[in-house]
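A.B. asks: requesting a structural model of the entry that follows:
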Amino acid sequence: MTRIPKEEIRFDPVSYIDPSGRVFEWKGDIYRAIGPDMAGHFEWLAGQGFFKSLQSQGLIVNTEKTDHLLDGAALVLKHEKITPATYCFEWPPEMLKDAAILTIRLCLELNKHGLTLQDAYPWNVYFKGARPVFIDVGSIVKTGQDMIWGAYQEFCNFFLYPLYLYSAGLYDAARPMLTDYLNGISDRQCFSLLPLRKKFFSRGPLFRLTLTAGLSGAVQKMKLDDKLHAMTKDVSAKADLTKARRHFFEGLLKELESVRFPAGKTPWSSYYAEMKPYTPSADWNAKEKAVFEALNNLKPGSILDIACNKGWYSILAAGHGCRTISFDTDAECISYVYGVAKKENLDITPLVMNLLNPSPTTGWALRQFPSAVERLGADMCLALAFIHHAVFSQWQDFDRVIESIGLFTKKWMLIEYIPKDDEKALLLLSRKKDIFPWYTFDNFKRSIEKRYTILKISDSCPSSRKLVLCEKR
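C.D. replies: Prediction:
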């Protein structure tokens, strides 16, 4: 047995309200301290075959009992460490949908054994590449006899209602609302934002919003959990509650699986009209060969692909065994990358994010949810076909862009210079051609050399573009 010194641990600031115990990090590993009242429950749970099966299926984070001792804890569990942590307001719609489906599938499996989830927050789901995993083992509790599912309101606010809005094409409106980690999106907010066709002609919103919250003031005052209490009371008098829960969750799962998102078209979504193969080919251009060579020679363990578009270089990096994070402001492109990563089982975590405005630290005492800079660092950053967007569209200078990338890269940067007379640059410049006289390759190199050692400069494609490979000082 090993006694863990309290001064050596760091409690997770997200894990503060769960009465079952608290999550902490010790010597780089993740543990959960279980209090005396719940130790027997989790000791029993850890030994159950179905619980181990849920782990082997990838539904629940790998968890094992330890013989460690910690003051105030009757049991210490060890969890697999999954990185990086990402948040629902950084996910494209398809990732939120898959996290929701995972949550309900888990509820269906637990219901067979008299268990349920007491929480239904998206922060309980991490992604291993493109595969969602439920991490909050402490949320697994015995079912009560007075409620079909106590976490239903949370599930609606953080999963179902955002998905309704996404399915109506209101992604830009709904995604920022998820930064409200206490409330999510309320039924009233969802109802007011949904277009009429979704309110009255889509079965899910019609049932869950219009008929229960949207029409009468009296109904609006009645919360979802009150409705479920009343429903449970009626059901328990007539039928088996386990069966009623199963039907309830099966209905939710069917509804989630039916959610579809509009296939929009953005200016950059067809940038790679025909995706090339990801293995070396005679068709590869100078840029593709240079990136391949850098990955092959340096062998970074992790990559951050900034402004990844449809993720050709992200997929190339993942094929080299790199844990890959992909950024883009275009949700449709990120959805595409997620679809490929999911289909091919690639270690790629695609996120909707702007390098120049990354997710800040939020929550309690500005410590509860760490910033993107704290969570998403990588051995190497790729910044390909990005600098002209950052300068001409977002009014940055070279120093600011290089500094922003430096916050995320631990060692290397491969960045592409796009000259002002480049076809793509001219699209952005329009009447602003004379505003950026300092935009030259020499000035670009000087900005890089303030923070990095340049290892190699090579032609890109077309050859007027340049690729600069450099190492952080």
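A.B. asks: and the end-to-end length of stretch 438-453?
C.D. replies: Terminal residues of stretch 438-453 lie 22 Å apart, using Cα to Cα, to the nearest Å.
A.B. asks: check which residues of it are buried.
C.D. replies: For stretch 438-453, the neighbour count (16 or more other Cβ atoms under 10 Å) marks 439, 444, 445, 447, 448, 451, 452 as buried. All C-beta spots, glycine's among them, are computed from the backbone N, C-alpha and C.
A.B. asks: how far off centre is it?
C.D. replies: The gap between where stretch 438-453 is centred and where its chain is centred comes out at 33 Å by Cα atoms, centre = their mean, to the nearest Å.
A.B. asks: now what about it, what contacts it?
C.D. replies: Contact with stretch 438-453 is made by 387, 391, 397-399, 402-403, 406, 413, 415, 417, 419-420, 454, 457, 466, 468, 470-473, as judged by Cβ atoms under 8 Å, 6 or more residues apart in numbering.
A.B. asks: of the residues you listed, which belong to strands?
C.D. replies: Counting by DSSP state E, the part of those found in strands is 413, 415, 417, 454, 457, 466, 468, 470, 471, 472.
A.B. asks: that older thread, from the buried residues of stretch 438-453, pick the one nearest residue 370.
C.D. replies: residue 451 (23.3 Å; Cβ to Cβ).
A.B. asks: give me the phi and psi for the closest one.
C.D. replies: Per-residue torsions, residue 451: phi -130, psi -20 (degrees, to the nearest 10).
A.B. asks: what about it, distance to residue 169?
C.D. replies: Going from residue 451 to residue 169 by Cβ to Cβ, to the nearest Å gives 41 Å.
A.B. asks: what about the helices in the stretch 51-200 of the chain?
C.D. replies: Per DSSP state H, counting those that start in this stretch, the stretch 51-200 of the chain carries helices over the ranges 93-111, 152-155, 161-167, 171-174, 187-193, 196-201.
A.B. asks: ranking those by burial, who's on top?
C.D. replies: helix 161-167 (a mean of 24; mean count of other Cβ atoms under 10 Å).
A.B. asks: so for that helix, mean pLDDT?
C.D. replies: Averaged over helix 161-167, pLDDT sits at 96.
A.B. asks: what's it packed up against?
C.D. replies: Helices and strands touching helix 161-167, as assessed by 3 or more Cβ pairs under 8 Å, 6 or more residues apart in numbering; DSSP states H and E, comprise helix 93-111, helix 171-174, helix 187-193.
A.B. asks: of the ones you listed, which approaches residue 380 most closely?
C.D. replies: helix 93-111 (23.8 Å).
A.B. asks: would CSV of the helices of the stretch 51-200 of the chain with distance to residue 75 be doable?
C.D. replies: Below are the helices of the stretch 51-200 of the chain laid out as CSV (distance: least, Cβ to Cβ, whole Å):
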stretch, distance to residue 75
helix 93-111, 20
helix 152-155, 26
helix 161-167, 35
helix 171-174, 40
helix 187-193, 39
helix 196-201, 47
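A.B. asks: and stretch 432-442, how far apart are its ends?
C.D. replies: Terminal-residue distance, stretch 432-442 (Cα to Cα): 20 Å.
A.B. asks: how far is that stretch from where the chain is centred?
C.D. replies: Distance, centroid of stretch 432-442 to centroid of chain: 37 Å (Cα atoms, centre = their mean).
A.B. asks: just the buried members of the ones in strands among the contacts of stretch 438-453?
C.D. replies: Of those, these count as buried by 16+ other Cβ under 10 Å: 413, 415, 417, 466, 468, 470.
A.B. asks: check those residues and tell me the two furthest apart.
C.D. replies: Between any two of these (Cβ to Cβ), the greatest distance is 13.6 Å, for 413 and 466.
A.B. asks: low-confidence bits of the protein, can you list those?
C.D. replies: Scanning the chain with the threshold set as pLDDT under 70 gives 16-20, 200-201, 206, 210-239, 264-277, 433.
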